[in-house]
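Enquirer: With the input below, show me the fold.
(one chain, ligands or ions: 1)
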Amino acid sequence: MLIAGNWKMNGDPSSMEEFGRMIARAPEATAKGIDLVVCPPFVLIAKCADRATVSKVEVGGQDCHPEPSGAHTGDISAEMLAACGATAVIVGHSERRTDHNETDALVAEKATAAQRGGLMAIVCVGETEAQRDQGEALAVVKRQIENSVPTNLDPARLVIAYEPVWAIGTGRTPSIDDIAQMHAHIRTILEGRFANAPVRILYGGSVKPGNAAEILAVDNVDGALVGGASLKADDFLGIALAAPAKS
Ligand code: 13P
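Expert: So this is what the prediction gives:
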């Protein structure tokens, strides 16, 4: 089970106190076999990674450029993240797909770059509300995986995060049946692309301590990608500790 926190564009040096509380409580989660990853904004990655050296909390980035270095003002490469102590990076988050017009093809390049840089790639997929209303959710997610998750990735360092766009930051979540259906669908697609290699599938979108137990108990849900509730140590750990024991 993997619980990943995406701080998005939140956090300043005072957030280190909250991160310190996460580190202090992390052993409660690791004792239950739960992996924790926190993805702060770029400017806090090195600080967090330095603090986390004594803990089981891994630190990740929220995006990376496809190239390892070069003339790309404002961008950060996977290699640079790794050099700062990151071990993972989120790519293809819907906010980047929307705010920065990221295509599946670009996300595929970033996922490849993440692993080239030695990082675990957390690739996000998910339908919009209009696509779900039109009955296209399953097809949209299939297309996103086919086009943004290259088959030559190392499945052991690959995580798929299913984040329905309409559930992000809204307090709304799909029904448990809809989560189960989508995660089974994603599992089938991944099995076709990475034979016999388990890839973890996270659910993301308005996960809170109050709904985590029910969501994390669903078949093929191997963890959560948490936005708002990952900013507070008690909420983040509350979600992790709500995870049921799974084989
Ligand atoms: P919320 O948990 O705030 O809905 O955000 C989910 C998300 O986008 C994580 O990447």
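Enquirer: number of nearby residues for the closest residue to the ligand within the chain?
Expert: As assessed by CB to the nearest ligand atom, the ligand sits closest to residue 227 within the chain, at 2.2 Å. C-beta coordinates here come from the backbone N, C-alpha and C atoms, glycine included. For residue 227, the tally of surrounding residues (other CB atoms under 10 Å) stands at 20.
Enquirer: Run through the residues that contact the closest residue to it other than its chain neighbours.
Expert: Residue nearest to residue 227 in three dimensions, not counting chain neighbours: residue 6, with 5.2 Å by CB to CB, 6 or more residues apart in numbering. Listed by CB atoms under 8 Å, 6 or more residues apart in numbering, the contact set of residue 6 reads 39, 62, 90, 93, 204, 225, 226, 227, 230.
Enquirer: Local confidence estimate at residue 6?
Expert: pLDDT for residue 6: 98.
Enquirer: thought the residue of the chain closest to the ligand was touching residue 169?
Expert: Yes: with contact defined as CB atoms under 8 Å, residue 227 reaches residue 169; the gap is 6.2 Å.
Enquirer: so how far is residue 67 from residue 168?
Expert: Counting by CB to CB, to the nearest Å, the gap from residue 168 to residue 67 is 28 Å.
Enquirer: Same check on residue 28?
Expert: 40 Å.
Enquirer: Mind checking which of those two has more residues around it?
Expert: Neighbours were counted for residue 28 and for residue 67 using other CB under 10 Å; residue 67 has more, 15 against 12.
Enquirer: mind checking the SS state of the more buried one?
Expert: Secondary structure, DSSP: H, G, I helix; E, B strand; the rest coil: residue 67 is coil.
Enquirer: What is the neighbour count of the residue lying closest to it once chain neighbours are set aside?
Expert: In this structure, residue 67 finds its nearest non-sequential neighbour in residue 77, 6.3 Å apart by CB to CB, 6+ apart. Neighbourhood size, residue 77 [other CB under 10 Å]: 22.
Enquirer: got a list of what residue 77 touches?
Expert: 64, 65, 67, 68, 69, 113, 117.
Enquirer: can you list these in JSON lines and add distance to residue 153?
Expert: Shown next, in JSON lines, are the contacts of residue 77 (distance: CB to CB, whole Å):
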{"residue": "64", "distance to residue 153": "14"}
{"residue": "65", "distance to residue 153": "17"}
{"residue": "67", "distance to residue 153": "18"}
{"residue": "68", "distance to residue 153": "17"}
{"residue": "69", "distance to residue 153": "21"}
{"residue": "113", "distance to residue 153": "11"}
{"residue": "117", "distance to residue 153": "13"}
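Enquirer: Which one of those residues sits in the busiest neighbourhood?
Expert: Most surrounded of these: other CB under 10 Å gives residue 64, at 29 neighbours.
Enquirer: pLDDT at it, what is it?
Expert: Residue 64 is given a pLDDT of 98.
Enquirer: Would you mind listing what in the protein touches the ligand?
Expert: 6, 93, 163, 168-169, 204-207, 225-229 (CB under 6 Å from any ligand atom).
Enquirer: tell me which element the residue of the chain positioned farthest from its centre falls in.
Expert: Using CA atoms, centre = their mean, the residue of the chain lying farthest from its centre is residue 71. It sits 27.7 Å away. According to DSSP states H and E, residue 71 maps onto no helix or strand at all.
Enquirer: Who are the contact partners of it?
Expert: Taking CB under 8 Å, 6+ apart as the test, residue 71 contacts no residue whatsoever.
Enquirer: Got phi/psi on it?
Expert: phi -80, psi 80 (degrees, to the nearest 10).
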